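Novice: using only what follows, build the 3D model:
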Amino acid sequence: MDMRLLNILACPICKGELKLDKEKSELICKFDGLAFPIRDDVPVMLEQEARTLSTDERLDK
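Specialist: Predicted coordinates:
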């Protein structure tokens, strides 16, 4: 994923900062506890496509 794109993307729900999880190909919003998938280098920024983070993921464990 292009890092320039990551710098301008925001969570579609809270407009907060997103963190890249390269291992899982996801953009993480810690505030909302959601992970948005990245498919074919394109972030899917739809709430219905996001998965809910586990408690450990929310706490960075």
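Novice: for the residue minimising distance to the centre of the chain, give me its contacts.
Specialist: The centroid of the chain falls nearest to residue 27 when counting by Cα atoms, centre = their mean (2.1 Å). With contact set as Cβ atoms under 8 Å, 6 or more residues apart in numbering, residue 27 has these partners: 6, 9, 18-21, 35-36, 38, 43, 45. Backbone N, C-alpha and C define where each C-beta goes, glycine included.
Novice: buried among the residues you listed? Make that a PyMOL selection.
Specialist: Selection of buried members from the contacts of residue 27 for PyMOL, criterion 16 or more other Cβ atoms under 10 Å:
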select buried, resi 9+18+20+35+36+38+43+45
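Novice: between the contacts of residue 27, which is nearest residue 58?
Specialist: residue 35 (10.4 Å; Cβ to Cβ).
Novice: moving C-terminal of the biggest helix by length in the chain, what's the next helix or strand?
Specialist: Criterion DSSP state H: the longest helix present in the chain is helix 3-8. Downstream of helix 3-8, the first helix or strand assigned by DSSP states H and E is strand 19-21.
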